[in-house]
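A.B. asks: Whatever this is, show me its structure:
(chains A and B)
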Amino acid sequence: SAVISQKPSRDICQRGTSLTIQCQVDSQVTMMFWYRQQPGQSLTLIATANQGSEATYESGFVIDKFPISRPNLTFSTLTVSNLSPEDSSIYLCSVGLAGPYEQYFGPGTRLTVT
Amino acid sequence: DAKTTQPTSMDCAEGRAANLPCNHSTISGNEYVYWYRQIHSQGPQYIIHGLKNNETNEMASLIITEDRKSSTLILPHATLRDTAVYYCIVSLGTNAGKSTFGDGTTLTVKP
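C.D. replies: As a prediction, the model looks like this:
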């Protein structure tokens, strides 16, 4: 298994600003992912955070809005830029473990945009 | 990834077995069945996964039909703390991180 922590756990931000969310894993992992969960909805994959290269984004998500860093095998950040009320969601970091890649999730970051 | 179909909601009496079905009729031969659950306001929790054989761990049992077109997650003795949304996901073992989450089944365990 893997233990994942996220910072901050929640935040309230003003429209037009940005929020950077940190994800820390207790062991080295190859696969890290960022998900969004809008109020009352299921999870949607934003991107795969690749170590040493640019993140791979899913359809509907772009780097300018959701820049991601992955400086090493235990850490990643997701920035949500130019915030609007529609960005109010829970953002979750997850990791995939080898053979065959069950996922473990962080506790999530609850973002409210006013 | 193969698409899955789950009932929207289910109830279960505390102490009884909870049987959560999942249909995945388009599953391919090398795709695994994964189950996760999300308790309110928490990140999803991995429960169990399987390919062809039935699987059991300390949390649950996974029964996969012989044709692999459906599966059932069994919580043998449901407690109130098992109240959650349960997600059935089908994905390649090497690509499980890119999980596509459907709407899942909301299981309510009642006293």
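A.B. asks: what residues are up against the closest residue to residue B:9 other than its chain neighbours?
C.D. replies: Among residues not flanking residue B:9 along the chain, residue B:106 sits closest, at 4.5 Å (C-beta to C-beta, 6 or more residues apart in numbering or on different chains). Backbone N, C-alpha and C define where each C-beta goes, glycine included. For residue B:106, the contact set (C-beta atoms under 8 Å, 6 or more residues apart in numbering or on different chains) comprises B:8-10, B:84-86.
A.B. asks: Tell me how far residue B:106 lies from residue B:6.
C.D. replies: Distance, residue B:106 to residue B:6, using C-beta to C-beta, to the nearest Å: 10 Å.
A.B. asks: again with residue A:96
C.D. replies: 22 Å.
A.B. asks: Those two: which has the busier surroundings?
C.D. replies: residue A:96 (24 against 21; other C-beta atoms under 10 Å in any protein chain shown).
A.B. asks: buried ones in the helix or strand containing residue B:106?
C.D. replies: Using DSSP states H and E, the element containing residue B:106 is strand B:105-110. Neighbour counts over strand B:105-110 (16 or more other C-beta atoms under 10 Å in any protein chain shown) mark B:105-107, B:109 as buried.
A.B. asks: likewise stretch B:57-75?
C.D. replies: B:60-64, B:68, B:70-75.
A.B. asks: Closest one of those to residue B:29?
C.D. replies: residue B:68 (8.1 Å; C-beta to C-beta).
A.B. asks: Can you say which helix or strand has that closest one in it?
C.D. replies: With DSSP H and E as criterion, residue B:68 is part of no helix or strand.
A.B. asks: how many other residues sit next to the closest residue to it other than its chain neighbours?
C.D. replies: Take residue B:68 and drop its neighbours on the chain: the residue closest to it by C-beta to C-beta, 6+ apart is residue B:27, 5.3 Å away. Neighbour count for residue B:27, taken as other C-beta under 10 Å: 22.
A.B. asks: Low-confidence ranges, chain B, go.
C.D. replies: Across chain B, the ranges flagged by pLDDT under 70 are B:1-2, B:93-97.
A.B. asks: hey, what's in contact with both of residue B:106 and residue B:6?
C.D. replies: With C-beta under 8 Å, 6+ apart, residue B:106 and residue B:6 have common neighbours residue B:86.
A.B. asks: Tell me how far the residue nearest to residue B:9 lies from chain A.
C.D. replies: With distances taken as C-beta to the nearest C-beta, to the nearest Å, residue B:106 is found 11 Å from chain A.
A.B. asks: beta partners of that residue?
C.D. replies: residue B:9, residue B:85 (DSSP bridges).
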